[in-house]
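[1] turn this into a structure:
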Amino acid sequence: MSDDRPRRTAMNRRSFALGVAGVSAAAALGPVALGSPAHAAGRTAASDRHGTFFEEQTLWDSAEGPLVNYHVHALAVLPDDTVLAVTEGRHEVCDAGPRDLLLRRSTDGGRTWEESRTLVASADGESWGNPALVVDRRTREVFLFYMLSLRLPENTSCSGDSGDLYLISSRDGGRTWGEPRHLAGLFDGFPYTWALHGPGPGHGLQLRSGRLLLNCLHRRVIVGNTVAERYYGVAPVYSDDHGATWQATGEVPVQVAYPVNEARMVQRADGSVLVNGRAAAGGEGQRIVSVSRDDGMTWSQPALDGATGSLNAVDASLLRLTGGPGGHDTGRVLFSRPDSPVRRNMTVSVSYDEGYSYRYSRVVNENRAYYSDLARLSDGTVVLLYGCDGDSASVPLRVNVCRFSLEWLTRGRDSLRHGPHYRETVLALARTHHEVTGGGTVTTVADPPARGGERLVLTPEQVGDTVEFTIRVPHTGDYELLLRHYRSADGALAAVTVDDGTALPARTIDTTAQTADGFDLAHLGATRLRAGRHTVRCAVTGAGRGGGTVLGLDTLSLIEAPGSADVRAEVVVDNDRLGFEVVAGSWPTATADPGYWSGNYRTAPAGTGTRKVRWRPAVPWDGVYEVQVSYPPAAARAGNAPYTVVQGDGTATTVRIDQRTAGTADPRGGTWVTLGEYRLTAGLGNSVELTNDADGTVAADAVRLLGPRP
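    Below you'll find the predicted structure:
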């Protein structure tokens, strides 16, 4: 974490407004004028003469009331830069308890805000939730969608069984709102007996065609249905008559392996619409995506997508900042989320390739972080609304709003005035000249979430079979190489190399799927390439951790940019993820003690070593790695937990750790202790083992590799 991250300070609207002088519309891309240093004291803000600025204030605070909680939000900027922020005001900390819908409005681009007012009030315990805003930029009308959540009498949970869709709209910038419209029956024709229909939350789109499009999540009742039987899915609503009437689109094909619900959409430069959503089942994982090429009417089969990494299942926001269909400006797409396996570490990232990867990232708040939504002002200022802080793992203490520049987000590596100086050559490997050496067959599979609409699949006859691609580098220069590949249950272990004596070492990837099939990214490194032809080799070097040997490939990107991508040099294997196994004995999961990584940890009582677990990370390169372990400390823990690092050459080193003492806390979760540095070989030949040969209860949580260095 850099030292220039914003510090957390509690602020009310008045103190913030007195401390900041904002940017005028006439100086849209000019430097920000700040108040004097005396005025700046005590506020969360940073600015410089180059136009880099960050400002933050609190809009709703549970500690100040009057309601006990504020959670699930919507954000929109109107054509005149009026900003509307909507949240659920909860009378109870409960998803289906009494909820109001509250509005705060800013007429100066988010610098100051009107007092909170109630748009939809709970009467007799009514539960109004899931606010979502859609702006028609042609008529300037704004629509607020929401849901009335109902529980069956036998439902003892805090989630609703059914939910009906409603909307109100405003034609005067959010000053006044019309009568509610009940959108009953829109989803009656679907075959899933869906009972709950939740808009957004967050914001919808106006497509290039003028169509208004808003994601809606759906599921069956909770009572009597397991998670798999609830048929979680997404089917948006749309209007082609400026909101006079609304209809349902087709659904993202419903599959148990892809239980998508809260999701966001963005229209890509080619006109396609991407939906990017969380898994309803919770926990940690990659996002679920689907693509539409007919303005949202039909959707592709869902897939996991590793573009934003693996994170907590939480409502996250997607926003086009610049570019888009028919645009000539640099394409920039933003993504906000708690970048962590738990709800911490609110982070915003920027993509220059329509959301296939995210190059630069910045942490807004490393503490507790929850749902978020993004918007942009006409001058390119980014506005972020998000829940933050507090002691609850599920809901926030307060709701904050931030305003910041692209320069702040990218630490000066991009600006609206000068651009990112980013250039990418994309090679669709299914359409790139290739040959197979050693045996095996290559097929091409049509797949809309693939960057080129299809992907290549190598089914080898034996280990060592290779597909070689002949690529053409446009001109001599320094390039970063980014491989987009496919992960499946039968995925292979593979090594990727580039010829011509480059400084790039072989990169090993395990293409086994974590929980379901989908796409992921492998950073191959940076090197200087001469203009002309080169050969890229992708060799199957063994079975993946799922036992398969099939290799799926999508694209290879050659990227030129002045600043390096923000990529964590780490490999993490958690106790319930791919690469972890219980070798002997019983190791039940637990959550009682804090300080663990992700959703839980495992334990075994003191013994003689008859109980054993193993972590087997996929090591990307040969080199020296720092090996760390996480565990939740407790007084009854072992003072001599025996971790054994087994290197690829068979060397085994045992390090005993006092699990009564806490390690170093990571803002993203876990408390980490180093086992030392070890030279590891690329692939799956290295492991970390732990037994219960100890004097107290042993906790098995996560293993992390940092590095490598040569």
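[2] nearest spatial neighbour of residue 278, skipping sequence neighbours?
    The shortest distance from residue 278 to any residue other than its chain neighbours is 4.6 Å, reached at residue 313 (C-beta to C-beta, 6 or more residues apart in numbering). (Glycine included, C-beta is placed from N, CA and C.)
[3] could you check the pLDDT of that neighbour?
    Per-residue confidence at residue 313 stands at 95 (pLDDT).
[4] relative to the centre of the protein, find the outermost residue for me.
    residue 608 (42.1 Å; C-alpha atoms, centre = their mean).
[5] correct me, but residue 421 touches residue 561?
    Yes: counting by C-beta atoms under 8 Å, residue 421 sits close enough to residue 561 to count as a contact (6.3 Å).
[6] the two - which one has more neighbours?
    Neighbour comparison, residue 421 and residue 561: the larger count goes to residue 561, with 20 against 12 (by other C-beta atoms under 10 Å).
[7] let me see the backbone angles for that one.
    Backbone geometry at residue 561, expressed as degrees, to the nearest 10, gives phi -160, psi 150.
[8] would you list every one of the helices in the protein?
    In the chain, the helices defined using DSSP state H lie at 13-19, 37-40, 406-410.
[9] look up how far residue 435 lies from the spatially closest residue to residue 407 that is not a sequence neighbour.
    The spatially closest residue to residue 407, leaving aside those adjacent along the chain, is residue 52, at 4.1 Å (C-beta to C-beta, 6+ apart). In this structure, residue 52 lies at 49 Å from residue 435, with C-beta to C-beta, to the nearest Å as the measure.
[10] which of the two has more residues huddled nearby?
    When residue 52 and residue 435 are compared on other C-beta under 10 Å, the one with more neighbours turns out to be residue 52, at 21 against 11.
[11] that one is in contact with residue 409, isn't it?
    No: with contact defined as C-beta under 8 Å, residue 52 does not count as touching residue 409 (9.2 Å).
[12] any regions of the chain where pLDDT drops low?
    Scanning the chain for pLDDT under 70 picks out the ranges 1-50, 500-502.
[13] so who does the residue nearest the centre of the chain touch?
    The geometric centre of the chain, computed from its C-alpha atoms, lies nearest to residue 308 (C-alpha atoms, centre = their mean), at 4.7 Å. With contact taken as C-beta atoms under 8 Å, 6 or more residues apart in numbering, residue 308 is in contact with 276, 286, 287, 316, 335, 337, 349, 358.
[14] ok, the closest residue to the fifth one other than its chain neighbours to residue 263 distance?
    When you say that, I think you mean residue 335. Closest residue to residue 335 in three dimensions, ignoring its sequence neighbours and counting by C-beta to C-beta, 6+ apart: residue 349, at 5.0 Å. Here residue 349 is placed at a distance of 17 Å from residue 263 (C-beta to C-beta).
[15] now do residue 618
    29 Å.
[16] quick revisit: for the residue nearest to the centre of the chain, give its distance to residue 709.
    Plainly put, residue 308 is 27 Å away from residue 709 if you go by C-beta to C-beta.
[17] ok so, going back, who touches both of residue 421 and residue 561?
    What both residue 421 and residue 561 touch, as defined by C-beta under 8 Å, 6+ apart, is an empty set.
[18] wait, residue 343 touches residue 370, no?
    Yes: between residue 343 and residue 370 there is a contact under C-beta under 8 Å: 5.3 Å.
[19] quick check: neighbours shared by the two?
    Jointly contacting residue 343 and residue 370 under the rule C-beta under 8 Å, 6+ apart are 314, 394.
[20] from what I see, residue 521 and residue 483 are in contact.
    Yes: the pair residue 521 and residue 483 passes the contact test of C-beta under 8 Å, sitting 7.0 Å apart.
[21] picking that back up, higher neighbour count, residue 618 and residue 263?
    Of the pair residue 618 and residue 263, residue 263 is the one with more neighbours under other C-beta under 10 Å, namely 26 against 21.
[22] may I have the beta-bridge partners of the closest residue to that one other than its chain neighbours?
    Nearest non-adjacent residue to residue 263, counting by C-beta to C-beta, 6+ apart: residue 277, 2.8 Å away. Judged by DSSP bridges, the bridge partners of residue 277 are residue 263, residue 288.
[23] any idea how far residue 277 lies from residue 599?
    Distance check for residue 277 against residue 599: by C-beta to C-beta, it reads 19 Å.
[24] okay, the two: which has more neighbours?
    residue 277 (28 against 19).
[25] so who does the more buried one touch?
    Contacts here follow C-beta under 8 Å, 6+ apart; on that basis residue 277 touches 215, 217, 234, 260, 261, 262, 263, 264, 287, 288, 289.
[26] which one of these has the most neighbours?
    Scoring the contacts of residue 277 on neighbours with other C-beta under 10 Å, the highest-scoring entry is residue 215 at 30 neighbours.
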